[in-house]
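Novice: here are the coordinates; sequence isn't available:
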């Protein structure tokens, strides 16, 4: 214990080690929080669920915190649902005879944002025997203008994508052109037509202004059967969501950023420690036994050293699709017979001639005991810095394979986020957060282990302290 305290006291004398340890402890805290708050099975289900599960979240939305730095406040998502009674939601189904009912649904919300929504969708759930109810959907703007959006028969599980209704968009553009006595000469999106001020700003692209105030969507319908049930949900999608934003499938990127942390740390640390310990053990066997054992292990090591590591791994990943833990096992197997075996062998050839090893052999210690108790512990302190430094190498290796599309396609990792961003043109579309967030996490992880590793190298290698 005193030696351990002395070691930590010496370690904390270096600012780089303090910063590196702080970042690593932060990553470990995130990992612990993630494991307990979002179980891995739930995270996998959420990440693999696809767009159907995330229908209530906006597509390609920026993180909500960007509003703190923008003068123009971007909209957040508004959800109004008759199944979850709340202020601004009302529903009534009134009997109008033996075989019919009148349906009244109303959604009221206040819109105070400086930009237009990204989408508007209306979802229906109805229960009937043979005749679906007929609904007429109205949109009322803050100035009192009532716009009929659509009349439709509603199936048992139906939806109306208001922002994709091109027929409605053409009708509204024609109506607004008459009002302004000017032709709108471009395809004005329906979201702008539903939320914009009705003035000459509509005539030029990008100049339309939001009409702030209270909006109302009301539904008037009739059911042709008795005991018909109907529920509706209005989703006005914003342009910001959560602390990490969303991707092209509306998925919350926070899930992958959080779970990417324990996956990256476990992958990097497990690979680094396993490869280093196995290489030390192989090197010790070569040096201690010599002869045929040394010859065979050295030839195998040389074969693996000649084989290009990354192209071999890419070839295996291309031919066989496997999960991230099988990938970890393959990485370890391809790495154990590396150049480190020869380096450790050279160290052990010197150590086995030390007097205390000769003494152990004289009193009858077994070969296994000498290798594990007398040879390997002598080398362990010198490999700790390189072991810590190599953690970042394996973290980046997993991310690189995922970016190339060769990793686990279903695991929520940082590399998978970057791969999705690349495939879907995130930078071209200006969705920089999609790339920057996982890249910053990768950079922080690499920086933390590099700072700690270089400091440990100075402690365990006194010659470096003078540099």
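Specialist: Here it is on my side, so go on. Being a predicted model, the structure only gives us computed values, none of them experimental.

Novice: OK, contacts around residue 33?
Specialist: Contact partners of residue 33, counting by Cβ atoms under 8 Å, 6 or more residues apart in numbering, are residue 258. (Each C-beta comes from the backbone N, C-alpha and C, glycine too.)

Novice: Toward the C-terminus, what is the element adjacent to the longest helix seen in the chain?
Specialist: What stands out as the longest helix in the chain, according to DSSP state H, is helix 253-289. Counting by DSSP states H and E, the next helix or strand C-terminal to helix 253-289 is helix 291-306.

Novice: Tell me what angle that following helix forms with helix 253-289.
Specialist: Angular relation of helix 291-306 and helix 253-289 on a 0 to 180 degree scale: 150 degrees, by axes from the mean of the first three to the mean of the last three Cα atoms, to 10 degrees.

Novice: Just the buried residues of the helix or strand that helix 291-306 is followed by, please?
Specialist: Next helix or strand after helix 291-306 toward the C-terminus (DSSP H and E): helix 309-319. Within helix 309-319, the residues that count as buried by 16 or more other Cβ atoms under 10 Å are 313, 317.

Novice: where's the nearest residue to residue 293 once chain neighbours are set aside relative to residue 345, distance?
Specialist: Excluding its sequence neighbours, the residue lying closest to residue 293 (Cβ to Cβ, 6 or more residues apart in numbering) is residue 285, at 6.2 Å. Taking Cβ to Cβ, to the nearest Å as the measure, residue 285 falls 9 Å from residue 345.

Novice: Kindly report the same for residue 365.
Specialist: With Cβ to Cβ as the criterion, residue 365 and residue 345 are 21 Å apart.

Novice: who's more crowded, these two?
Specialist: Taking neighbours as other Cβ atoms under 10 Å, residue 365 and residue 345 compare with residue 345 leading, 22 against 15.

Novice: could you point out which element follows the helix or strand of the chain with the lowest mean pLDDT?
Specialist: The least trusted helix or strand in the chain, going by mean pLDDT, DSSP states H and E, turns out to be helix 2-11, with a mean of 70. Next along the chain after helix 2-11, taking DSSP H and E as the criterion, comes helix 15-37.

Novice: Now do that next one and helix 253-289, the angle between them.
Specialist: Relative orientation of helix 15-37 versus helix 253-289 (the same axes, to 10 degrees): 120 degrees.

Novice: what comes up buried for helix 15-37?
Specialist: The neighbour-count check on helix 15-37 (16+ other Cβ under 10 Å) flags 16-17, 20-21, 23-24, 27, 30-31, 34 as buried.

Novice: Could you do stretch 138-156 as well?
Specialist: Using 16+ other Cβ under 10 Å as the test for burial, stretch 138-156 gives 139-141, 147, 149, 152, 154.

Novice: same question, stretch 50-63
Specialist: In stretch 50-63, counting by 16+ other Cβ under 10 Å, buried: 54, 57-63.

Novice: So which residues make contact with that stretch?
Specialist: If you take Cβ under 8 Å, 6+ apart as the criterion, stretch 50-63 is touched by 46, 74, 77, 79, 118-119, 121, 123, 235, 237-252, 429, 431, 433-434.

Novice: Show me these that map onto strands.
Specialist: 79, 119, 121, 123, 235, 237 (DSSP state E).

Novice: Save those residues as CSV, and put in distance to residue 171 too.
Specialist: Below are these laid out as CSV (distance: Cβ to Cβ, whole Å):
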residue, distance to residue 171
79, 27
119, 19
121, 19
123, 23
235, 23
237, 22
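
Novice: Please dump these into TSV; it should also carry distance to residue 441 and neighbour count for every row.
Specialist: As requested, those are exported to TSV (distance: Cβ to Cβ, whole Å; neighbours: other Cβ atoms under 10 Å):
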residue	distance to residue 441	neighbour count
79	30	15
119	29	18
121	32	17
123	35	17
235	30	22
237	27	25
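
Novice: who are the neighbours in contact with the residue nearest to residue 256 when sequence neighbours are not counted?
Specialist: Nearest non-adjacent residue to residue 256, counting by Cβ to Cβ, 6+ apart: residue 412, 3.7 Å away. The neighbours of residue 412, taking Cβ under 8 Å, 6+ apart as the test, are 43-44, 47, 255-256, 259-260, 263.

Novice: picking up where we left off before, take the buried residues of helix 15-37 and lay them out in JSON lines including pLDDT and distance to residue 165.
Specialist: Formatted as JSON lines, those follow (pLDDT from 0 to 100; distance: Cβ to Cβ, whole Å):
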{"residue": "16", "pLDDT": "84", "distance to residue 165": "59"}
{"residue": "17", "pLDDT": "83", "distance to residue 165": "61"}
{"residue": "20", "pLDDT": "89", "distance to residue 165": "55"}
{"residue": "21", "pLDDT": "90", "distance to residue 165": "57"}
{"residue": "23", "pLDDT": "94", "distance to residue 165": "50"}
{"residue": "24", "pLDDT": "93", "distance to residue 165": "52"}
{"residue": "27", "pLDDT": "95", "distance to residue 165": "47"}
{"residue": "30", "pLDDT": "95", "distance to residue 165": "43"}
{"residue": "31", "pLDDT": "94", "distance to residue 165": "46"}
{"residue": "34", "pLDDT": "94", "distance to residue 165": "41"}
